[in-house]
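Chemist: Need the 3D shape of this:
(chains A and B)
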2 protein chains.
Amino acid sequence: MADYQAPLRDMRFVLNEVFDAPALWASLPKVAENVDPETADAILEEAGKISSGVLAPLNREGDEQGSKWNEGEVTAPEGFREAYQTIVEGGWNGLGGNPEFGGMGMPKTLVAQFEEMMQGANMAFGLAPMLTAGACLALDAHGSQELKEKYLPNMYSGVWSGAMDLTEPHAGTDLGIIRTKAQPNDDGSFNVTGTKIFITWGEHDMAENIIHLVLAKLPDAPKGPKGISLLLVPKFLVNDDGSLGERNSFSCGSIEKKMGIKGSATCVMNFDGAKGWLVGEENKGLAAMFTMMNYERLGVGIQGIGAAEASLQSAREYALDRIQSRAPTGAQQPEKAADPILVHPDVRRMLLTMKGYVEGGRAFSTYVAQWLDISKYADASEQDRRKHAEGMVALLTPVAKAFLTDRGLDACIMGQQVFGGHGFIREWGQEQLVRDCRITQIYEGTNGIQALDLMGRKVVGSQGKLYELFAEDVAAFIEENASDVSLRPFLEPLAAALERLSDVTEHVVNQAADNPDAVGAASVDYLDLFGLTALGYMWARIVKAAAPQAEGDSSGFYSGKLKTARFYYDRLLPKTVSLAEGIRSGSESMMALTADEF
Amino acid sequence: MADYQAPLRDMRFVLNEVFDAPALWASLPKVAENVDPETADAILEEAGKISSGVLAPLNREGDEQGSKWNEGEVTAPEGFREAYQTIVEGGWNGLGGNPEFGGMGMPKTLVAQFEEMMQGANMAFGLAPMLTAGACLALDAHGSQELKEKYLPNMYSGVWSGAMDLTEPHAGTDLGIIRTKAQPNDDGSFNVTGTKIFITWGEHDMAENIIHLVLAKLPDAPKGPKGISLLLVPKFLVNDDGSLGERNSFSCGSIEKKMGIKGSATCVMNFDGAKGWLVGEENKGLAAMFTMMNYERLGVGIQGIGAAEASLQSAREYALDRIQSRAPTGAQQPEKAADPILVHPDVRRMLLTMKGYVEGGRAFSTYVAQWLDISKYADASEQDRRKHAEGMVALLTPVAKAFLTDRGLDACIMGQQVFGGHGFIREWGQEQLVRDCRITQIYEGTNGIQALDLMGRKVVGSQGKLYELFAEDVAAFIEENASDVSLRPFLEPLAAALERLSDVTEHVVNQAADNPDAVGAASVDYLDLFGLTALGYMWARIVKAAAPQAEGDSSGFYSGKLKTARFYYDRLLPKTVSLAEGIRSGSESMMALTADEF
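Modeler: Residues are numbered from 1 along each chain as shown, chains lettered A, B, ... in the order given. The predicted model follows:
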């Protein structure tokens, strides 16, 4: 297996050349306080070292060993504890955190790059900092000042880790029907009782304390999603002086045997009157969770790219090393028994498809991160700018989560395929990437749920208005660059794809008025269509940034971008045509079958 | 996990109603000797019992335990030995074998159904009978009378199993560069020396002897694929009286840790002057292998359907049991906390996509098996009929292998997705099906190689003539049924898909004349386009068979077929449009990149 190398060159290209992130940061006073281009660059460099040097070498062994459960205690795979200590020492858990409580206040555009490296190097490990950052975000946004002071500094430092406890055996997508109870005590605390499943890193031996954010129902809470509250439930109670007190009354009943991310512990958590404190208002727990959802969901999309990047690196190296058969045009290395498999068009097709999705996806996740930064950090005086960004975030987050993980899995499968039989055996690491990446399509809201969120809540829910924000952005780009010679071959097909997407959007919005099944019947294909078009837009922006540099570039970096863009437009963007046709067939053939007919 | 149930109802529908297999069998004298509809039905029934009752219950535990290697000995998972004994007692290894040497002489149309059940119930196990049947086929077609008499009876009975030894560490797709040597002895035997890898069930404790068919090079053999010979190398030498003699000098050096089919042993075999006998002529080993390839490759396609059927059965049951959220049109089971997830359009989309591929794929594999039967068993007086069938087999086999396994994996992934988080953990069995099914896209020639075989050797190699055989068959069906009311909504889109495929075929044949890269640049998308069209044809034939029965059918079987066909035409067949567009972009964007630019 090729050693994972953080793709710093491409990340810098995306940040500095495609999106001019330094200008963005300078335009956001609260960001500008904390970061300048030199700092950002040093952070990337250091993150790359840790990812490639510390996390990646533990990835395979972590998968082989898995986390181990013994009488409620969970032991992380060998080396994970020490690696976690490195993360603590570097303060990486708090990279994007609120400086008021010890976070580093870095913008998501930068944090996203760190996340991709960490997840690409070792997804099972990366989930611990990811969940901690997510818990911090919810706490920072909704917790009382007292809770924040008590918990956030140690969570940002990573001395304590975080966990999110949502799912129950009978309630996954449908959190409205959870049964975990929170009974109020006289001192303002609650006793939490119930069983939660699928709790990532809910128990482990890497941090001194684990802070659980638990969804539960208060007595007499309304039924359904509007009767859910969020509680902070620490593994060890925290004394007033900040020292750790007695162990709280909950424990890890078991951990799951699963397909991938085996290094991580997926815990069943049994709460038995555990002491907890309300985060935010009573019955507003789901809303509090949704605050962090956009960050987490983008983070999961980034996991998909991270895994795919790792797969691409190995597959590319293998395609250059492995010799097998001759090029269709005649021997390329006649002195050897065969040619490197990179000479074969179909091997190139696989690598280029991977590149198209990974590099386009990296640009897209950074594009979405940019809207997250504006929505969070735009000055109070810039209400319109902030509102516009919030709309973009709402619209694009489900696309980033689902499209990037769906294509991430496709890419990992192709990377494995490049290896032939060697891809199926453990030795080369490709099969682990497939198994790990697969979870990203499922957790944090399945990709089907993302598609419903996009098509239903966002697009139809706004009567197409949120969609217009994106369409206008693409249309403006096309118009502004109409005279750019290097972009000319791309703008017409991009405009056609956008028009196709706009037509389908209007079609479904109209259908949905009379047919409640129209949204669900269109949703997944619509999200695919949207994602393909959005990455088409990204590749056009990449061309714009790369074209002026391509001449005289001997590294192949810029010319490679231009040629990959061509491939994307030739082979991947055309998929939008069939998707649009499928969506137009409506819900009838999907809904016609009775249960017996299935 | 739902208990696997052999899909006998659908198999009987395909055999008897869609293809009228009894009429086919009656038209082939050598088949008619051995099988009539009652015998066939009894075989299906018994195969179903063994698959569901004996093999399926071992599937998960086999995956958990895996085969174990110890000092050259391999122990199959618990229960596999006894199950193999059941297969031996029923004579299942010889189901399609030559009656002259103890085979049962059953047609592939019937054997294919048995294969699907066995592979769907337990793929890791099913590989042992599959490889044995394959080895028998090669031996029967090319071995001397002496070799056949000595080995075939015990292989058909299964007392001895078979293994195929092709791949070497440096030589997979490109067998022309193998290094294993066969040195002739004075007694007509050979000494075989070399290392083979990825040898499925190359060593195990289920059979009394293991007969390896090994590709090797004789001294002074020509370079490349034309210098390869096939040798029979038994684990235990066989005395003239048929008793087992001394152990041959080769052994299993290790077994692979792999993504799936863990119950099976994937062996490294070290031959150290092992005694072997030539099968067929010197230097004609590859040709001998190709005899069995069409059977094996169809068998691998069938594995894809088998796994997908198992996944579909579980997913369907789960979608009826699992309650979560409400139907878009309002509560369907207001007395419960939520509705079964089958009410959601997107869950239906996943199940219908699975059905579309599995049931359409089952028809397609039977359609291909029918051509195999004609090509093998047509009377010597029917040269044209046989020749036509041979052409169909040559053309359709790579499609069956690659398209059915690609869609098989898609289906398994969807089945897993229906389960949400529960699909990722071992308990439900869905994740194992994904891991097992993945190998079918890789072995027996990767799907990329299948696509090259289809597009290059078959379509371009015959200047489109082989393609015409298939196109004429579809066109004839369309013409013959022009006045069929129930078929009317399907014939026009089928004709359009066929025209699209024909146009693209002509386009690539023309391109290939000047551009050696044209074939490889088109191949995988072309195979997809071909497969989608072929399954569209199958669904039309299914409609033709089902429509007259649908009225008054209270089981939902026939009406379910009609509605699934509708879904296939609405949602899956349209994918052909984009594929055709992608192919027309040619090889330029694929070949443009230098190695540095990747």
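Chemist: Please, which helix or strand holds A:His212?
Modeler: Secondary-structure assignment from DSSP states H and E places A:His212 in strand A:209-216.
Chemist: How many residues are close by the closest residue to chain B within the stretch 1-150 of chain A?
Modeler: With distances taken as C-beta to the nearest C-beta, the stretch 1-150 of chain A approaches chain B most closely at A:Glu64, which sits 8.5 Å away. C-beta coordinates here come from the backbone N, C-alpha and C atoms, glycine included. Neighbour count for A:Glu64, taken as other C-beta atoms under 10 Å in any protein chain shown: 14.
Chemist: Give me the three-state assignment for it.
Modeler: helix (DSSP: H, G, I helix; E, B strand; the rest coil).
Chemist: Does A:Tyr357 touch A:Ile413 like I think?
Modeler: No - in this structure, A:Tyr357 is not within contact of A:Ile413 by C-beta atoms under 8 Å, at 11.6 Å.
Chemist: neighbour count winner among these two?
Modeler: For A:Tyr357 against A:Ile413, the residue with the higher neighbour count under other C-beta under 10 Å is A:Tyr357, and the figures read 29 against 25.
Chemist: What sits closest to that one if chain neighbours are left out?
Modeler: Spatially, and ignoring its direct neighbours in sequence, A:Tyr357 is nearest to A:Arg407 (4.1 Å; C-beta to C-beta, 6 or more residues apart in numbering or on different chains).
Chemist: Show me what the helix or strand where that neighbour lies packs onto, helices and strands only.
Modeler: Here A:Arg407 sits within helix A:383-418, counting by DSSP H and E. Contact here means 3 or more C-beta pairs under 8 Å, 6 or more residues apart in numbering or on different chains; DSSP states H and E; on that basis helix A:383-418 packs against helix A:285-321, helix A:345-377, helix A:430-438, helix A:447-452, helix A:465-480, helix A:518-550.
Chemist: rank those by pLDDT, which is bottom?
Modeler: The stretch with the lowest average pLDDT out of the helices and strands packed on helix A:383-418 is helix A:285-321, scoring a mean of 93.
Chemist: Buried residues, that helix. List them.
Modeler: Buried residues in helix A:285-321, counted by 16 or more other C-beta atoms under 10 Å in any protein chain shown: A:285-286, A:288-289, A:291-316, A:318-319.
Chemist: hang on, the earlier thing: mind listing what the residue nearest to A:Tyr357 touches?
Modeler: With contact taken as C-beta atoms under 8 Å, 6 or more residues apart in numbering or on different chains, A:Arg407 is in contact with A:Gly304, A:Ala308, A:Tyr357, A:Gly361, A:Gly531.
Chemist: and what of A:Pro7?
Modeler: For A:Pro7, the residues meeting the contact criterion (C-beta under 8 Å, 6+ apart) are A:Glu116, A:Met117, A:Glu309, A:Arg362.
Chemist: hmm, back to that, how about the contacts made by the residue of the stretch 1-150 of chain A closest to chain B?
Modeler: A:Lys262, A:Arg426.
Chemist: try 7 Å this time
Modeler: With contact set as C-beta atoms under 7 Å, 6 or more residues apart in numbering or on different chains, A:Glu64 has no partners.
Chemist: Find the nearest non-adjacent residue to A:Phe114, please.
Modeler: Once its chain neighbours are removed from consideration, A:Phe114 has its nearest residue in A:Ala47; the separation is 4.4 Å (C-beta to C-beta, 6+ apart).
Chemist: Do I have it right that the one you found meets A:Ala112?
Modeler: No - shown here, A:Ala47 and A:Ala112 do not form a contact pair, counting by C-beta atoms under 7 Å, at 11.1 Å.
Chemist: ok so, going back, contacting chain B as well, which ones from the buried residues of helix A:285-321?
Modeler: For chain B, the contacts drawn from the buried residues of helix A:285-321 by C-beta under 7 Å from any C-beta of the partner chain are A:Arg316.
Chemist: Neighbours of the residue of the stretch 201-350 of chain A at minimum distance from chain B, how many?
Modeler: Evaluated by C-beta to the nearest C-beta, the stretch 201-350 of chain A has A:Pro345 as its residue closest to chain B, separated by 3.3 Å. Using other C-beta under 10 Å as the criterion, A:Pro345 is surrounded by 24 other residues.
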